[in-house]
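S.K.: need the 3D shape of this:
(one chain, ligands or ions: 1)
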Amino acid sequence: MSEPLKACPFCGGAGTIETWGPTGAAYVWCEVCRAEVGGDEQTTESVAMWNRRAMPAEVRKVVERMVQEREGCLDCQYPDDPFTKTMAAYLGEVIAALEAAYDR
Ligand SMILES: [Zn+2]
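M.R.: From the prediction side, this is the model:
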């Protein structure tokens with residue numbers, strides 16, 4: 001069983017797995033923009049290829065800045081202030097979500 005398909009990396013559309021031929025080869029294509037990967041690979045490999053994401057440089061810069069801001073929140077004069085704690089937790093969630101969305 002292959003992992004669930006992520007949204008299309010180009011347009012956010014839904015991906016579809018298409019198998020063909022006697023070998024079970026598969027490709028994944030976008031129902032909106034028709035981007036596709038695979039073709040000679042088995043379903044699991046094609047899905048892994050479709051789901052693989054490189055973090056764009058501009059997103060990496062934002063994540064690095066958020067990590068620094070979060071560390072600043074936790075290392076500040078008022079680390080127990082409710083707003084500071086909320087912001088540090090929020091930044092932590094956003095950082096984790098971005099890291100999960102992209103290969104690191
Ligand atoms: Zn697409």
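
S.K.: would you say Trp29 is within a strand?
M.R.: Yes - according to DSSP: H, G, I helix; E, B strand; the rest coil, Trp29 belongs to a strand.

S.K.: give the contact list for the nearest residue to it once chain neighbours are set aside.
M.R.: Spatial nearest neighbour of Trp29, chain neighbours left out: Glu36 (3.8 Å); criterion: C-beta to C-beta, 6 or more residues apart in numbering. Quick note: C-beta positions are derived from backbone N, CA and C, even for glycine. By C-beta atoms under 8 Å, 6 or more residues apart in numbering, the contact set of Glu36 is Tyr27, Val28, Trp29, Cys30.

S.K.: which stretches in this structure count as helices?
M.R.: Secondary structure of the chain (DSSP state H): helices at 43-51, 57-74, 82-101.

S.K.: so which of these comes closest to the ion?
M.R.: When the helices of the chain are compared by C-beta to the ion, helix 43-51 sits nearest the ion, at 10.6 Å.

S.K.: the closest one vs the ion: in contact?
M.R.: No - shown here: helix 43-51 not in contact with the ion (C-beta under 5 Å from the ion), separated by at least 10.6 Å.

S.K.: give me the contact list for stretch 11-22.
M.R.: 2, 5-8, 25-33, 35, 43, 46-47, 50.

S.K.: kindly export that stretch (C-alpha atoms) in PDB.
M.R.: Output of stretch 11-22 as PDB, limited to C-alpha atoms (Å, rounded to 0.1, in the frame of the first residue of the first chain):
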ATOM      1  CA  CYS A  11      -1.500  24.000  -8.800                       C
ATOM      2  CA  GLY A  12      -2.800  22.200  -5.600                       C
ATOM      3  CA  GLY A  13      -5.100  20.000  -7.700                       C
ATOM      4  CA  ALA A  14      -5.900  16.400  -6.900                       C
ATOM      5  CA  GLY A  15      -3.600  13.700  -8.100                       C
ATOM      6  CA  THR A  16      -4.800  10.400  -9.700                       C
ATOM      7  CA  ILE A  17      -2.900   7.100  -9.900                       C
ATOM      8  CA  GLU A  18      -3.100   5.400 -13.300                       C
ATOM      9  CA  THR A  19      -1.800   1.900 -13.700                       C
ATOM     10  CA  TRP A  20      -1.300   0.400 -17.100                       C
ATOM     11  CA  GLY A  21       0.200  -2.600 -18.800                       C
ATOM     12  CA  PRO A  22       0.800  -6.100 -17.500                       C
END
